[in-house]
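Undergrad: With the input below, show me the fold.
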Amino acid sequence: MTDSYDRCTSVQPARRSSISDKQPYALLCCSIDSLKGNSLREGTNSFWQERTDSCTMAGSDWTCDVSTMREWESPDYEPSLPVSEKSNPLTRDIDRASPNHIVRMLQACDSQMFQEEEGTTYQRLLSDNVVITMMEVAERVELILKDPQDSLVVLSGCGTSGRLAFLIASTFNRALRQLKQSSVYSYTIAGGDRALLSSQEAPEDDPILGMLSLKKVCEGKKRVLFIGISCGLSAPFVAGQLDLCLQHPEVYTPVLIGFNPAHQARDEPIPGCTFTFHNVVERMQELSKSQMAFLINPSVGPEAISGSSRMKGGSATKILLEVIMSVAHAAAFSKTPITSKGILQHLKASEKTLDITYSQTEGISGLVEAAGKSLRCGRRVCYLGWGSPAVLGLIDASECNPTFGAAFEDIRGFVNGGYRELNNSEGPLNSLGPEFCIAHEDFVHQVLPSLNDQDTVLLIYTHSDDVSEVMKMARRVREKTSNLHAVYHHVDGDTATALQEDINKLCLSTLKVSWPSSASASSLHMQWELSTKLVLNAVSTGAHVLKGKIYQNYMIDLQVTNSKLYRRATRLLQKLSGRPEAQCEETLLKALYRVDKLTPDITSSDMTAHILTARNTTKVVPLALVCLLTGCSLEEAKSHLEQQPIVREAVEAFLT
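TA: Below you'll find the predicted structure:
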């Protein structure tokens, strides 16, 4: 189309790897030392080609080296970090990978969720203890479903965990309405409903706010099953809620879902509280012996991007909760007993969902490449969805701001029906600003007029949606950009309609995902949702990797907007620079306040003040890292990053 688009996106086909199909996946993990001096040349063609050259592997057939898959389980591997914060050996150099290799790395990491337990180091998703606890929690849900009067099941979390709590509560309340049963599910999320669509990091640090929000939603209830989700066993908001439950066992039965061993729960003081998250976990462990509290904490392995729990942490959360609720509903309304075999069958179905999704590696890679080109050009990626998979688009887009330091316009989600489809408890939030405008009509009025071929638009729908509506939107988008793609879920045996064929012709690519026709309607929708989550996580993560937002496999441009992220930033600087912790925190503060020398006012301020300042500051960690690695001033670091936004390349360019 336009010349500017051609200049920005022209790429040469990647050379096919000559590595044997059976060589270990560990070959992807090239060290940074071996790549020194291999800085990217100017121009997009060489950019993509060098990414392919630096991490080569076989075409469609490949195997993972088991020792690399399990390297993180060694007690000597990053021993000071909890599992959820470790770096994944499979993705050490994902920032150098081509789009195809990025997707294959993500597939390998996601597969770790379903690894069998070996030895006694960590219990896993399929471990007996985890399955038994899931059965016990499902039985508690069943009791409430059979006798819902004055009872409630509350799901709660921060960020991704809270968004999934909302989604699952909404899904199963909808199922109850279809059965003409009373709704029993509710949710809370740190920051309220605005946190469903945007980053609200500060409330995660407020345990009192957590307690108050739980009290409010449970007012008048005599029996509450509370399920708190904290992937790292660390969120003060959830800790406050769990403490409230433990203080009032006559009303509340607490359940904690996370993905670290209990002893790795955060044991740091929470401002204004006499307990730590670790204290709460210890009390719950004691009560679990009498089934007065429950802890579900399988280890699913480090995230592909270190600490990015929106990925595996979010997927595992969705799987666990949906399995628990599904078997509870079957027991309450279909008289199907809750058994370990039934739980395992559901878990295996989720594993199959992963396999079916990643059988589309080439198509997903194409979407990653398209989205990456758009972000590198300073343009945007838009998800236009229908039904519940569209909500996963909203969730994915909302997570990019805190994870990658992205602007809200970079990746946006829109859902057909807007807040009517979302059906959140606080109702429409449009008045809060453009980032809360989520309907297709908002896309048409706010975004469509300025679209061009540098933008990527992705349609997300299923065979059960109104394909004529999809067609209308596809035509409108196609008038503005040819860079239109689709993710389409359907069941085996369905023949493509003429309209579907027309949509395919309008799109540069269509990712057509086929599902077994034997699945029930509810199971099918959950498979569509999980599959959509995996695809969109790959698209947004891969695009930001290609934009240069990742250093090795670390979120280098994260926002330092709560205590968890502040500590993560300091740890990250220490690991990547090899400098003492005190020097790393000092440099972090210099980058945060944009000064080369800290004043007494800054050094005497507490973390809360630093976090407040960080809300309006960008590129804090990249600036600090360049300063630590090169010894340059902040102004010099800023200049380097303006010339070369990929941090690893900025550092290498300075050193050479």
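Undergrad: avg pLDDT for stretch 552-568?
TA: Predicted confidence along stretch 552-568 averages 84 (mean pLDDT).
Undergrad: tell me how far that stretch is from the chain's mean position?
TA: 14 Å (C-alpha atoms, centre = their mean, to the nearest Å).
Undergrad: So the nearest residue to Glu73 once chain neighbours are set aside versus Lys312, what's the distance?
TA: Spatial nearest neighbour of Glu73, excluding adjacent residues (C-beta to C-beta, 6 or more residues apart in numbering): Thr121 at 5.1 Å. C-beta: built from backbone N, CA, C; applies to glycine. With distances taken as C-beta to C-beta, to the nearest Å, Thr121 is found 18 Å from Lys312.
Undergrad: what about the two, which has more around it?
TA: A direct count of neighbours by other C-beta atoms under 10 Å for Thr121 and Lys312 places Lys312 higher, at 24 against 14.
Undergrad: Verify the stated contact: that one with Glu303.
TA: Yes. Proximity of Lys312 to Glu303 meets the contact threshold set by C-beta atoms under 8 Å, at 5.6 Å.
Undergrad: shared neighbours of the two, anything?
TA: Cys109 (C-beta atoms under 8 Å, 6 or more residues apart in numbering).
Undergrad: Now Lys222. Nearest residue, chain neighbours left out?
TA: Asp150 (4.2 Å).
Undergrad: Can you verify my assumption that the one you found contacts Arg223?
TA: Yes. Taking contacts as C-beta under 8 Å, Asp150 lies within contact range of Arg223: 6.4 Å.
Undergrad: okay, the two: which has more neighbours?
TA: Between Asp150 and Arg223, counted using other C-beta under 10 Å, the more crowded position is Arg223 (19 against 12).
Undergrad: Next, the more buried one: phi, psi?
TA: Phi and psi for Arg223, reported as degrees, to the nearest 10, are phi -140, psi 120.
Undergrad: check contacts around it.
TA: 144, 150-152, 251.
Undergrad: Now distance to Thr587 and secondary structure too, for the residues you listed, in JSON lines please.
TA: Output for the contacts of Arg223, formatted as JSON lines (distance: C-beta to C-beta, whole Å; DSSP: H, G, I helix; E, B strand; the rest coil):
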{"residue": "Ile144", "distance to Thr587": "51", "secondary structure": "helix"}
{"residue": "Asp150", "distance to Thr587": "55", "secondary structure": "coil"}
{"residue": "Ser151", "distance to Thr587": "52", "secondary structure": "strand"}
{"residue": "Leu152", "distance to Thr587": "48", "secondary structure": "strand"}
{"residue": "Val251", "distance to Thr587": "48", "secondary structure": "coil"}
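Undergrad: Which residue, other than its chain neighbours, is closest to Phe166?
TA: Per C-beta to C-beta, 6+ apart, closest to Phe166 is Tyr187, 4.7 Å.
Undergrad: quick one: the one you found and Asn173 touch, right?
TA: No. Applying C-beta under 8 Å as the test, Tyr187 and Asn173 come out as separate, 9.7 Å apart.
Undergrad: Name the residue in those two with the higher neighbour count.
TA: A count of neighbours by other C-beta under 10 Å puts Tyr187 above the other of Tyr187 and Asn173, at 26 against 19.
Undergrad: any idea how far Glu435 is from the more buried one?
TA: Taken as C-beta to C-beta, the span from Tyr187 to Glu435 is 21 Å.
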